[in-house]
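Student: What follows is a predicted protein model with its sequence.
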Amino acid sequence: MVGSRRARQEQQRYGLTVKVLFSCLPSTGLGAFICGPKKLKLKDVFTWRLLKTVALGQVLSVLVCGTAVTSQYLEKAQVDTPMLQSFLHYALLLLTYTTALVFRKGEESIFQILKSKWWKYLLMALTDVEANYTVVKAYQFTTLTSIQLLDCFVIPVLMVLSWFFLKTRYRLVHFIAVGVCLLGVVAMVGADLLAGRDQGSNSNLLLGDCLVLISAALYAVSNVCQEYTVKNLSRAEFLGMMGLFGTLISGVQMAILEIKPIMAISWDWKICLLFVAFMLCMYGLYSFMPVVMKMTSATAVNLSLLTADLFSLLCGIFLFQFKFSPLYIVSFVVITVGFIMFNVVPTYTPDPSGNGKNALFCLTLGKKLSESPFKCAVDACGLSRQQRPSLILRDFSALFCLIWCWWASQQLNLGH
């Protein structure tokens with residue numbers, strides 16, 4: 001009698017689990033295939049988090065615009081020292097974030113970090129320094145139009161790297177959003193051509209274009225590493241290590257390549273002010289980008305940075321007498337719409353805590369599975385406990401895993 005009552009309770013509990021599973025499934029229409037949720041209402045699109053993400057992304061674009069404007073003034077002053085500019089902002093990161101790490105104790109101290117992960121941060125800093133250097137050198141060999149178009153190569157490379165290394169999964173809406181953003185870039189380049197602003201050199205277009213592609217690939221690698229670090233370790237650790245190794249690498253490279261250009265600079269208060277302004281903009285960009293990246297992803301951050309060229313153009317209209325074109329406004333609107341589309345539906349990234357492996361091991365042995373089969377199924381998919389099932393089941397692999405885990409739990413309990 002007691003055994004039959006317990007069997008009925010178990011069946012009711014597992015039946016409830018099935019109802020929860022299938023009540024969370026998205027509808028099978030085109031909208032569900034593209035976006036995932038069953039019904040996407042307007043209030044679900046324009047949330048406070050989305051508006052904050054868009055605003056913070058544009059703050060990053062303004063900081064990038066600041067670096068572009070100060071670099072333009074330095075170029076007009078016949079100053080060609082990209083490594084010196086990089087060295088200054090890395091040194092400022094060293095003075096602030098690396099110094100803060102020195103005063104930490106235990107596992108988070110700088111000595112423990114260097115003991116276990118020094119070579120990883122050395123490679124990350126080397127990638128970041130060379131990405132900055134190669135894109136600056138590209139301006140000596142190719143045109144601004146080529147750089148603007150080829151620099152977008154960073155986005156597909158980022159998506160591929162995130163797919164394989166961060167296990168990020170994208171829906172169709174994300175690919176459509178990227179295409180919309182790239183259409184905005186094409187409109188911006190078209191506006192440049194109509195305004196006769198195809199600046200730069202064409203002395204060696206093939207070399208210049210290759211440098212841009214190399215820079216984009218290096219930026220993608222650096223951003224993926226940054227996203228993993230800030231989401232799984234800490235922002236302070238990442239910036240502290242970038243300040244330490246970035247200062248060393250850029251300092252050595254500057255000593256080798258730029259001693260003569262630095263000695264040739266006619267130093268005055270205007271040149272010093274431009275260097276300080278560039279340094280502060282880069283420092284703000286490096287300090288602020290991990291915050292936005294932790295909220296979204298490296299891909300979303302780079303989509304938001306596509307508007308930086310537009311801010312630079314608007315500044316150039318007032319500062320450098322650039323010609324205005326209505327296509328600039330169209331480009332800004334299109335890129336912003338694409339960025340919003342990308343962030344409306346969250347990408348899926350598994351929980352890095354390792355719960356999935358433990359749950360699958362638990363499922364194989366049949367230990368404690370009867371206590372909470374739904375929880376074990378969720379853990380087996382590598383999903384965090386805070387994620388709602390409606391977000392979880394946007395991925396077909398997660399759906400299959402959940403159903404399989406429930407079926408296996410039924411078989412194990414029947415075996416008891």
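Tutor: Yep, it's here.
Student: For residue 92, list the residues it contacts.
Tutor: The neighbourhood of residue 92, defined by Cβ atoms under 8 Å, 6 or more residues apart in numbering, consists of 243, 279, 283. In short, each C-beta sits where N, CA and C put it, glycine included.
Student: Residue 179: neighbouring residues, count only.
Tutor: Residue crowding around residue 179 was assessed by other Cβ atoms under 10 Å; the count is 11.
Student: Which residues does the helix or strand where it lies contact?
Tutor: If you go by DSSP states H and E, residue 179 is part of helix 172-194. Helix 172-194 is touched from outside by 33-36, 144-145, 148-149, 152, 155-156, 159, 198, 299, 303, 306, 309-310, 313, 325, 327-328, 330-335, 337-342, 344-345, 347, with contacts defined as Cβ under 8 Å, 6+ apart.
Student: So how do I select the buried members of these in PyMOL?
Tutor: With 16 or more other Cβ atoms under 10 Å as the criterion, this PyMOL line picks the buried residues out of the contacts of helix 172-194:
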select buried, resi 35+36+144+145+148+149+152+155+159+299+303+306+309+310+313+325+327+328+330+331+332+334+335+338+339+340+341+342+344+345+347
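Student: Please report how far the residue lying closest to residue 225 once chain neighbours are set aside lies from residue 295.
Tutor: Leaving aside its sequence neighbours, residue 225 sits nearest to residue 124 (Cβ to Cβ, 6 or more residues apart in numbering; 4.9 Å). Relative to residue 295, residue 124 is positioned 21 Å away (Cβ to Cβ, to the nearest Å).
Student: what angle separates the helix or strand residue 331 falls within from helix 172-194?
Tutor: According to DSSP H and E, residue 331 maps onto helix 326-344. Here the directions of helix 326-344 and helix 172-194 differ by 160 degrees (axes from the mean of the first three to the mean of the last three Cα atoms, to 10 degrees).
Student: helices and strands around helix 326-344, which ones?
Tutor: Under the contact criterion of 3 or more Cβ pairs under 8 Å, 6 or more residues apart in numbering; DSSP states H and E, helix 326-344 touches helix 48-76, helix 172-194, helix 298-304, helix 308-319.
Student: immediately after the second one, which helix or strand?
Tutor: What that stands for is helix 172-194. Assigned by DSSP H and E, the successor of helix 172-194 is helix 205-232.
Student: What helices and strands are in contact with that next one?
Tutor: helix 110-138, helix 144-150, helix 154-165, helix 235-257, helix 269-295, helix 298-304.
Student: Specify the stretch among these that is closest to residue 59.
Tutor: Among the helices and strands packed on helix 205-232, helix 269-295 comes nearest to residue 59, with 6.7 Å by Cβ to Cβ.
Student: among the helices and strands of this structure, which one scores worst on average pLDDT?
Tutor: Lowest on mean pLDDT, DSSP states H and E among the helices and strands of the chain sits helix 355-365, with a mean of 38.
Student: hang on, the earlier thing: go through the helices and strands packed on helix 205-232 and find the least confident stretch.
Tutor: Note on those: helix 144-150 shows the lowest mean pLDDT, a mean of 71.
Student: May I have that helix as CSV, with CA atoms only?
Tutor: Only the C-alpha atoms of helix 144-150 are listed here, as CSV (Å, rounded to 0.1, in the frame of the first residue of the first chain):
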residue,chain,number,x,y,z
LEU,A,144,40.2,54.7,-45.5
THR,A,145,37.4,53.0,-47.4
SER,A,146,39.3,49.7,-47.4
ILE,A,147,40.0,50.0,-43.7
GLN,A,148,36.4,50.7,-42.8
LEU,A,149,35.1,47.8,-44.8
LEU,A,150,37.8,45.2,-44.0
